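J.: Need the 3D shape of this:
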Amino acid sequence: MFSPSSILQKLKNSSKSSNRILSKKSALLPSTIPRSDDYQLNPENKFAGDYIPPIDSTPSIEISTTSSISDLTSDEIPLTSAPLTLLLTLVQTILTIIPFITCPIAPIKINPMLGPYPTTMDAWGAKNAYKMVEDGEWGRLITPIFLHAGIIHLLSNIVIQLDQVKQYEYEWGSPLLLVIYLLTGIFGNLLSSVFKPGVLGVGASGAIMGILGARIGEGLVKYYDRDGGIVDLTDTICAVVIVMGLSFVPFVDWPAHLGGAVSGLFLGIILFSWFSRKRRAKWKCFSIIVGVGTFLGVSTCISMLFLVDWEQYKELDDVCSHYEEYYAQFGEDFVCECDGNRAADWYNKYSNNDDNGDNF
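T.: Numbers count the residues shown, from 1 in each chain. Predicted structure coming up:
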C-alpha cells in the first residue's frame, strides 16, 4: 500500500527528472544557444554543462546602432535619419545658387557645368594653391568642399551623397561621418594643390570618395577580423570605379578624387580597427602603422607645396586680371564682376544702405 506521503514524494521526484530532461533538450534548440560574441567575451560561459563553440559570425561594431543595419538599403532609410547628409546637401545647394543671383553665368564653352566664371569661384573660396601658400589662406582646403562649379556638377555629387553617404551616416553616426568627410575632403584638396597647383578647384567629390574609401576600409577590417561577416561592397566599389574612370575627363580634378579615396581607405582602417569589439592586438599595431604612414603622406604633401616655384603661378594672386586676359585671346568680352573686392563692395552697398535707404 502506498501512503499519501510516499505518492506525493514520487510525484516530486518525477517532476524534477522531467525538468532535467527538458533542460538538456533545450540546449539543442537554436533559440537558446548564446551568441558567439557573448561566448568569446566570456570564455567561462557554460551552458548545459558544456562549452558552446562560436556558431555565427554576425558583424559586431560598437558604433553601429543595430546589428541588422547593413541589411537595409538606402531607399529604406529616410532622410530624417541622416541629418548631417541632408544639411551638407542643403548648404552646398544654397552656395551653388547664390552665385547665380549675384554674378554673371559663364557661357557653356567656358563652363560646361552650367555655372559662373572661375573668378566667381575664387571669390567664394575655391582651391587656390598660390593664395594658400603665399597669402596664408589655408581655409581654401575646406571651403571648396561646399562649392560647386555649376548645376550639373552639384547634381552629380548630391545623387551619390543622398544615396551612399546617407546610408553610411545611418550606420556610423553623424559625428564619425563628419570627421571622415572633412578630413578626406581636405586631403583631396591638398593632393590637388600638389599635382595641379595652377588650377582652381571646387567640389565635394574628394570628400564623397573619402566616405566610399572608408567603407571599403571598414569591409576589410570586418572580413579579416573574423568578428563579422563580409560587408557588401559591390555598390561602393562600382561607385569608386565609375568616379575614378571619369576623373580623367577635362575639367575634372582627379588628384582630389584619388586623395579622398586613398585617405578614406586608410582612415577607415584606422577607425574601424579601434572600434572593433575585439580590438585585437594585430589590428591595433596595423592601424598605428597605417596612421603613421598617413601622417607622413600628409606631411610630404604639405612640404612639396613649399618646394614649388610659385613665381610661375603668380597670376593666381589676381585671378580677375588673369582670366580677363585669358578670355580676350578667344574673343570673349569678359569683365570680372565677382572678384573678392567687388563682391565685398556689392555686399557693403546693400548692408550699409548706400542706395535706397533700405536696411537688408
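
J.: CA only for contacts and neighbour counts going forward, please
T.: Will do.

J.: show me where the stretch 51-200 of the chain has strands.
T.: Assigned by DSSP state E, counting those that start in this stretch, the stretch 51-200 of the chain shows no strands.

J.: Going by residue numbers, what spans are helices in it?
T.: 83-102, 118-124, 129-135, 151-160, 166-172, 174-195 (DSSP state H, counting those that start in this stretch).

J.: Repeat that for the stretch 251-360 of the chain.
T.: In the stretch 251-360 of the chain, the helices defined using DSSP H, counting those that start in this stretch lie at 254-275, 281-305, 319-328, 340-351.

J.: Would you tell me which one of the ones you listed is buried the most?
T.: Highest mean neighbour count among those (mean count of other C-alpha atoms under 10 Å): helix 254-275, with a mean of 25.

J.: any weak-confidence spans in the stretch 201-350 of the chain?
T.: 225-232, 247, 276-281, 283, 330-332, 337, 339-350 (pLDDT under 70).

J.: what pLDDT does L79 get?
T.: L79 is assigned a predicted lDDT (pLDDT) of 78.

J.: residues touching it, list them.
T.: L86, K166 (C-alpha atoms under 8 Å, 6 or more residues apart in numbering).

J.: so which of the helices of the stretch 251-360 of the chain comes closest to P107?
T.: With C-alpha to C-alpha as the criterion, P107 lies closest to helix 319-328 of these, at 11.5 Å.

J.: and the closest one, what does it pack onto?
T.: Using 3 or more C-alpha pairs under 8 Å, 6 or more residues apart in numbering; DSSP states H and E as the contact criterion, the elements in contact with helix 319-328 are helix 118-124.

J.: Do me a favour and get the end-to-end distance for stretch 124-140?
T.: 9 Å (C-alpha to C-alpha, to the nearest Å).

J.: what does that stretch rub up against?
T.: With C-alpha under 8 Å, 6+ apart as the test, stretch 124-140 has contacts from 122, 141, 143-144, 147, 189, 193, 197-202, 305-306, 310, 313-314, 316-317, 340.

J.: Now, of those residues, which are buried?
T.: Buried members of the contacts of stretch 124-140, scored by 16 or more other C-alpha atoms under 10 Å, are 122, 141, 143-144, 147, 189, 193, 197-202, 305, 310, 316, 340.

J.: hmm, back to that, TSV for the helices of the stretch 251-360 of the chain, including distance to G173?
T.: Below are the helices of the stretch 251-360 of the chain laid out as TSV (distance: least, C-alpha to C-alpha, whole Å):
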stretch	distance to G173
helix 254-275	13
helix 281-305	21
helix 319-328	40
helix 340-351	37
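
J.: wait, what's in contact with L220?
T.: So L220 contacts I269 (C-alpha under 8 Å, 6+ apart).

J.: How about exporting whichever strand or helix holds it as CSV, limited to the C-alpha atoms?
T.: Element membership of L220 [criterion: DSSP states H and E] is helix 205-225. C-alpha atoms of helix 205-225 as CSV (Å, rounded to 0.1, in the frame of the first residue of the first chain):
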residue,chain,number,x,y,z
SER,A,205,33.8,64.8,-54.8
GLY,A,206,37.0,64.3,-52.8
ALA,A,207,35.0,64.1,-49.5
ILE,A,208,32.5,61.7,-51.1
MET,A,209,35.3,59.5,-52.4
GLY,A,210,36.7,59.6,-48.9
ILE,A,211,33.5,58.2,-47.5
LEU,A,212,33.5,55.4,-50.1
GLY,A,213,37.1,54.6,-49.3
ALA,A,214,36.3,54.4,-45.6
ARG,A,215,33.5,52.0,-46.3
ILE,A,216,36.0,49.7,-48.1
GLY,A,217,38.3,50.0,-45.1
GLU,A,218,35.5,49.0,-42.8
GLY,A,219,34.8,46.0,-45.0
LEU,A,220,38.5,44.9,-44.9
VAL,A,221,38.6,45.1,-41.2
LYS,A,222,35.4,43.1,-40.7
TYR,A,223,36.5,40.5,-43.2
TYR,A,224,40.0,39.8,-41.8
ASP,A,225,39.0,40.3,-38.2
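
J.: That helix to helix 254-275, inter-axis angle?
T.: Put simply, helix 205-225 runs at 40 degrees to helix 254-275, going by axes from the mean of the first three to the mean of the last three C-alpha atoms, to 10 degrees.

J.: Helix 205-225 relative to helix 281-305, how many degrees between them?
T.: Using the same axes, to 10 degrees: helix 205-225 against helix 281-305 is 160 degrees.

J.: Would you mark the buried spots in the following helix or strand past helix 205-225?
T.: Using DSSP H and E, the next helix or strand after helix 205-225 towards the C-terminus is helix 234-246. With burial defined by 16+ other C-alpha under 10 Å, the residues of helix 234-246 counted as buried are T236, A239, V240, V243, M244.

J.: The residues you listed into a markdown table, with extra columns for distance to C285?
T.: Below are the buried residues of helix 234-246 laid out as a markdown table (distance: C-alpha to C-alpha, whole Å):
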| residue | distance to C285 |
| --- | --- |
| T236 | 27 |
| A239 | 30 |
| V240 | 28 |
| V243 | 32 |
| M244 | 31 |
